[in-house]
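Asks: Sequence and predicted model, in that order:
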Amino acid sequence: MKLTRRELLLSTGALAASALFPPLLYAQQGAKTPAPRKGGILNVHLGSEQRILNPSLRASTGVYIVTSKIIESLVDLDANGKVVPVLATSWNASKDGKTVTFKLREGVTWHDGKPFTSADVQYNALELWKKHLNFGTALQRNLEAVDTPDKYTAVFRYSRPIPTELLLRGLADLGYVVPRHVFEGTNVLENPANTAPIGTGPYKFVQYERGQFIIAERNPKYWRKDQPYLDRIVWRIITDKSAATAAIETGQLQLSAYSQLTLADLDRLKKNPEFVVTSKGLEANQFNNTLEFNFRRKEIADVRVRRAIAHSINAQFFIDNFLYGQGKPATGPIPSTSTAFYPTDSKQPYPYDKKRAEALLDEAGYKRGAGGIRFNLKLVVIPNGEDVPLLGTFIQQSLAEVGIKVDIATYDYAGALSAVYKEHNFDIATGWHQYRGDPAVSTTVWFRSGSPAGSPWTNQYGWQSDKVDKLIDDAASEVNPVKRKALYAEFVREVNDQLPIHFVTQREFYSVFSKKLQNSHNTSRWPSSDWSDAWLQA
Amino acid sequence: MRFLSLAGRRLAAALPALVIILAGLFLLLQLAPGDTVDALVAQMGGGDASMIEALRRHYALDQSTSVRLGDYLWRLIHLDLGHSAIYGKPVAEVIVDRLPATLLLMGSALALAFAAGMGLGIIAARRVNRWPDTLISTLGLIFYATPSFWFGLMGIFVFAIYLGWLPAGGFGSIGSGLTGFARVLDIAYYLILPTLTLALIFLATYLRIMRASMLEVATLDFVRTARAKGLSDNTVVVRHILRNALLPMVTLIGLQAGTMLGGSVVVESVFSLPGLGRLAYESVMQRDLNTLLGVVFVSALLVITINFIVDLLYARLDPRISSGH
C-alpha cells in the first residue's frame, strides 16, 4: 500500500487532532446515543382520574399528561422554554399587536382520516378556548375573530393589542386543537370525543377503562416521518401514592411525572440506580407555597402584621426539614426560572427575623396579653399536596413563637377552596400558586380586583390597589417585551411591599422514570409534550 | 312461592329505610362545603367566573336544594339513578362497571375469612388453653389490631417488590387479550393479595366467635348425651357441636357485609382495584352526588340481599326458626 503525501498529511492531522483534543472526542463518543428502537409499551402513572380528556376544554397537567400525545397544540416549548412550531409552522404579528397570523402545517390528517385545516383552528379558538377553556377564556378575552383566507392560514384579530410572546407561550398549553367536524353543532361539554379523544398526534386513542387505565397506540400516518417509536402508551390510574411507588419499583410503571409520589419516596428513589428522579424537563410548570391573607380581619389589614407574619416563617428551615430540600425561599410571585420576567435584583423581601416580627407586632399595637398571646387566627389549609398540611403546622408553630395563636381548619380540597374563595371564611390560608410561564396567564389574576366570589385562585382577599390593577392591565397589552418586563418588575415590587399574599417557597415538579426510557425530559414541559421521539431500551 | 313472598316482604320493609338513607345523605351532602363544580375547578387548577357559572348550569346546580331533591326522588321512582358528573354517563352504567371487582373481592374475602376463621376457631376450641389456642388467639388479635392499609402495603413490599411473586396492584393484565379460563386465572392472580388483606381483619372476628361459640355449645346437655351414647369425639364435634355453633357465625356474615364494603375502600385504593369503594370515595371528594347516592343505593340493596340469604341459611341450620317458633 502506497501512501500519497496528501493522505499522509491528512492522517497525521487527524492523529494530531485526537492527541490535542482527546476529551472532545471522548465526549462526542459519550454523547452519541444509540439509534432509537421501535416498539415497546410505556406505562405511565396517572394519579387522579380526569372527568374529560379534552385539552381544548380543560387546561390542567392531569389532562395534558394523557391527551398531548393524541391531540396537538399549535406550538410547544423547547428545552430552553423557547416557542417552537407544531401545528402552526410560523407566525407574525402586526405592528399594533392586534393581529397575529399563523401559517398552519399542511398534509396533517385527523385520526379519523379528515384533513386538518384553518377552519379547525378558527372553531377551537372562538368556540372552545374563548368560551370554555379555563385560562383560555382569559387569554382570548379580546379575541374578536379568526379569519381563514385559505386552508392553511389563520388570522387572529384582537380588540386590544396582545403581546406576541404572551399569546405564544400561552398557546403551548392553551392552543390544543380538536376536530371541528366532531364538535360543531353538538353540546361540546357532553361530546363523546371528550372521553374518546380524536386528534392529529403521534398516538391514537384506543381504550379508556374508568378507574383502571387508558391506552393509546402508534399513529402510522403521523406527519413526523418515522415517528413515534413506541407501540403503545398505557396510563395506569393509581390513586394511592405508596401503591404507585410500588408499581414503579416492580416495573409495572416506567414513569411518574408532576410529583405524584410522596416526597419521602421521591427522595428514596434518587438512590436507586434503575431510576432517574429529576426536575429537568418540567421547568415550564413552577409552583409556590403561599400564605393568603384575609383583609376583612382588622389585624391582618395592617401591613405591619402581614410583614411580621412573613418575617416569622423560616422558609429555608421548612424546605430543608420537610421538603427534602426541594425548592428555595421565594422572592415574589414570579419564579426565578422565568427569566423573561424575573426582576434580576430580586431578593427575599421578608427574611426570617423573629425579633423584627415581634417589634412590628408591638408597633402595630398588638401587645402580648394573657399567656403571651397577641391574637388568634384561623388558618385554612388548601390541600394541593402532602406538603401543605405540613406547612400549615409549621406556620402554626412559627406564629406561636411570636405570640399569635393559630387554629388550623381542615377541609378536603373542594371544601377548602370554597371556604376561602367563596365564603371568605378564613383569616389566613395556605396552598399552592402554580406559575404557567407568563404572569398574565396564571399570576396577575391573584392580584387583580373585580373577580366575583367563587372563582378559586383569584383576588378574594378583600384587598384592592388601583396602582396594581393598572400595572396588570398595562402589562397585559404591552407589546414591547422590554417595557413589559419593566412593568412586571414594578408589579412585583408593589405586591411585595403591600403583601396581600406571602410567597413562602419556590418549587419545581419532579419526575421519576426508568433509565430504559430514552429521549425523555428533553423539553421544558416534557410530560405535557407529544413524546413522538421517546423510545424504550429493550 | 313462600320464598318469593318472604323476599317481597323483606324488600317492602327495607324500602322506607332506603328512602330515608338516600334523602338524608342528599341533605347531608348539601352541608358539605363546595359542590361538584368547585371540585372540578380545583382539579383543573382554576378558571374564571363565567366558565364556572356555565358549568353550574350544566350540572343543574343553579336550582334550589328542594327542587333537586324532588327531581332525584322522582327519577328514583322510575329506577333512574341519574347522570354521573365525574364520568359523564348514567350512574347505573358506572356502577355496573365497578360491581364485579367489588363482588369478587368481597365474596372471596368473606369466603376465606369464614372458612379459615371456622377452621382455626375449631382447632383453638379443641385445644383450649393449650399452646395451639394461645398461638391462634394471639395471631387473631394481631390481625384484628393491624390496619388493613398497612397489611396491604407490607404485602406489596414483601410479595411484589422483594420476592416478585405477585403483582403490586391492578385488576388483571392490561391489554393481554386473555379470554375464558386464562382470564379468570389472570384476575385470580391479581386478587390474591387484596383478598388476603381484606380477609385477615375479618378472619380474626370469625375465629374468636367460632371459638367462643364452640366452647359454649360443648357444655350443653345434648352434647353430653351424644358423648354418653358412645359417639366418637370427631362425630360429636362435627355433627352436634359445629352445626349449633355455626348460628352466630352466620349472623356475623350479615352484620359484616356492610363493614366489608367499607373496608374495601382502603384495599381497593392500595391495590388500585376498580371497585365500588373507591368509586364512593372519589364521588365524595368530587362531590358527585348522583354517583354517591347510586353507590349507597346499590350497597344497601347488596346488604339487604345478603341478610336475606343469611335468614334463609338460619332456617336451614336450625329448623325451629322457619317453623315460626
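Replies: Nice, I can see it. These figures come from a predicted structure and were not determined experimentally.

Asks: quick one: buried residues of the longest helix along chain A?
Replies: In terms of residue count, the longest helix belonging to chain A (DSSP state H) is helix A:481-498. Within helix A:481-498, the residues scored as buried using 16 or more other C-beta atoms under 10 Å in any protein chain shown are A:484, A:485, A:487, A:488, A:489, A:490, A:491, A:492, A:493, A:495, A:496, A:498. Yep, even glycine has a C-beta here, placed from its N, CA and C like the rest.

Asks: how far away is the fourth one from chain B?
Replies: According to C-beta to the nearest C-beta, to the nearest Å, residue A:488 and chain B sit 20 Å apart.

Asks: Burial check on the residue in the stretch 51-200 of chain A that chain B sits nearest to, number of neighbours?
Replies: Proximity of the stretch 51-200 of chain A to chain B (C-beta to the nearest C-beta) peaks at residue A:134, 3.3 Å away. Neighbours of residue A:134 under the rule other C-beta atoms under 10 Å in any protein chain shown: 21.

Asks: Same question for the one 10 residues further on.
Replies: Residue A:144 sits with 13 neighbouring residues when counted by other C-beta under 10 Å.

Asks: With the one 10 residues further on instead?
Replies: Residue A:154 is flanked by 26 other residues according to other C-beta under 10 Å.

Asks: The host helix or strand of it pairs with which strands?
Replies: According to DSSP states H and E, residue A:154 maps onto strand A:153-158. Here strand A:153-158 has these sheet partners by DSSP bridges: strand A:99-104 (antiparallel), strand A:143-150 (antiparallel).

Asks: Just say which of those is most tucked in.
Replies: The highest mean neighbour count among the strands paired with strand A:153-158, using mean count of other C-beta atoms under 10 Å in any protein chain shown, belongs to strand A:99-104: a mean of 20.

Asks: for chain A, where's the lowest mean pLDDT among helices and strands?
Replies: Least confident helix or strand of chain A, by mean pLDDT, DSSP states H and E, is helix A:22-31 with a mean of 42.

Asks: on that earlier part again, rounded mean pLDDT for the strand holding residue A:154, please.
Replies: In this model, strand A:153-158 has an average pLDDT of 95.

Asks: elements contacting the following helix or strand past it?
Replies: Per DSSP H and E, the first helix or strand lying C-terminal to strand A:153-158 is helix A:164-174. Applying 3 or more C-beta pairs under 8 Å, 6 or more residues apart in numbering or on different chains; DSSP states H and E, one finds that helix A:164-174 contacts strand A:75-77, strand A:83-85, strand A:88-93, helix A:136-139, helix A:439-442.

Asks: circling back: may I see the buried residues of the next helix or strand after the least confident helix or strand of chain A?
Replies: Proceeding N to C from helix A:22-31, the next assigned helix or strand is strand A:41-46, under DSSP H and E. If you call a residue buried by 16+ other C-beta under 10 Å, then strand A:41-46 has these buried ones: A:42, A:43, A:44, A:45, A:46.

Asks: which of those sit farthest apart?
Replies: Pairwise distances across the buried residues of strand A:41-46 peak at 12.6 Å for A:42 and A:46 (criterion: C-beta to C-beta).

Asks: before we move on, the earlier item: put together a markdown table for the helices and strands packed on helix A:164-174, with mean pLDDT, distance to residue B:141 and mean neighbour count on each row.
Replies: Formatted as a markdown table, the helices and strands packed on helix A:164-174 follow (pLDDT from 0 to 100; distance: least, C-beta to C-beta, whole Å; neighbours: other C-beta atoms under 10 Å in any protein chain shown):
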| stretch | mean pLDDT | distance to residue B:141 | mean neighbour count |
| --- | --- | --- | --- |
| strand A:75-77 | 94 | 58 | 23 |
| strand A:83-85 | 94 | 63 | 16 |
| strand A:88-93 | 94 | 67 | 16 |
| helix A:136-139 | 86 | 58 | 24 |
| helix A:439-442 | 89 | 54 | 24 |
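
Asks: Export these to CSV and append columns for distance to chain B.
Replies: Shown next, in CSV, are the helices and strands packed on helix A:164-174 (distance: least, C-beta to the nearest C-beta, whole Å):
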stretch, distance to chain B
strand A:75-77, 18
strand A:83-85, 22
strand A:88-93, 25
helix A:136-139, 5
helix A:439-442, 8
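
Asks: would you list these in a markdown table and tack on distance to residue A:341?
Replies: Converted to a markdown table, the helices and strands packed on helix A:164-174 look like this (distance: least, C-beta to C-beta, whole Å):
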| stretch | distance to residue A:341 |
| --- | --- |
| strand A:75-77 | 15 |
| strand A:83-85 | 15 |
| strand A:88-93 | 19 |
| helix A:136-139 | 16 |
| helix A:439-442 | 6 |
